[in-house]
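In: Show me how the following folds:
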Amino acid sequence: MAIESGDRVALAYVGRFEDGTVFNTSRYEVAVEHGLFEAQEKDRDDYAPQTFVVGAGQIIPGLDEAVVGMSAGEEATVTVPPEDAYGEFDPDRIRTYDAETFEGMVGETPEVGLHVHAENGLHGDVTAVRDDEVEVDFNHELAGKTLVFDIEIVAVQ
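Out: Numbers count the residues shown, from 1 in each chain. Modelled structure (predicted):
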């Protein structure tokens with residue numbers, strides 16, 4: 001039976017950049033093979049198919065749309081442009097803060113790579129620390145990237 005909007009789907013996937021670099025997966029063995037596995041953070045049980053309701057906006061639009069018409073057991077490779085994934089990179093989402101103000105807001109000394117949570121719900125990463133300024137990028141880490149997914153429909157309910 002072909003998948004349609006409203007169906008609950010379990011999707012196994014391997015997410016790659018256009019150059020073939022794996023950035024995420026639901027498959028434990030692939031995570032280990034590509035160095036994504038962090039023993040202290042995840043174990044085998046943390047890797048499982050992604051379950052979502054088609055058309056409910058629970059996953060990126062490019063994958064949500066790609067599974068429509070597929071069936072359980074079917075596999076495909078799907079290329080998802082930025083506008084159907086995490087959006088285009090937006091330079092306006094990079095903000096600069098006075099270092100003292102930043103420390104007061106975050107409660108930590110700024111350093112490149114620090115992940116911060118803003119009161120407005122945004123998440124960002126410190127991308128630069130200069131003399132008295134801290135630069136925070138609030139774009140999603142995959143914004144502006146074309147993503148390639150090898151997918152398998154594990155189950156349809």
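In: Give me the domain ranges for the protein.
Out: 8-86+143-156, 91-137 (automatic domain parsing).
In: Now do residue 110 against residue 116, distance only.
Out: Using Cβ to Cβ, to the nearest Å, residue 110 is found at 9 Å from residue 116. All C-beta spots, glycine's among them, are computed from the backbone N, C-alpha and C.
In: now swap in residue 70 and tell me
Out: 38 Å.
In: which residues touch residue 114?
Out: 106, 108, 125-126 (Cβ atoms under 8 Å, 6 or more residues apart in numbering).
In: Longest helix in the chain, by number of residues?
Out: helix 99-106 (DSSP state H).
In: Of all residues in the chain, which one is nearest the centre?
Out: With distances taken as Cα atoms, centre = their mean, the chain has residue 142 as the residue nearest its mean C-alpha position (6.3 Å).
In: Doesn't it lie inside a helix?
Out: No - the assignment for residue 142, made by DSSP: H, G, I helix; E, B strand; the rest coil, is coil rather than a helix.
In: In contact with the nearest residue to it once chain neighbours are set aside, which residues are there?
Out: Distance criterion Cβ to Cβ, 6 or more residues apart in numbering; nearest residue to residue 142, sequence neighbours excluded, is residue 86 at 4.4 Å. Taking Cβ under 8 Å, 6+ apart, we find residue 86 in contact with 60, 140-145.
In: ok now the helix or strand of the chain at the bottom of the mean pLDDT ranking, how far from the chain's centre?
Out: Least confident helix or strand of the chain, by mean pLDDT, DSSP states H and E, is helix 99-106 with a mean of 88. Put simply, helix 99-106 sits 27 Å off its chain's centre (Cα atoms, centre = their mean, to the nearest Å).
In: and what of stretch 10-22?
Out: 11 Å.
In: Stretch 8-28 too?
Out: 10 Å.
In: Thank you, goodbye.
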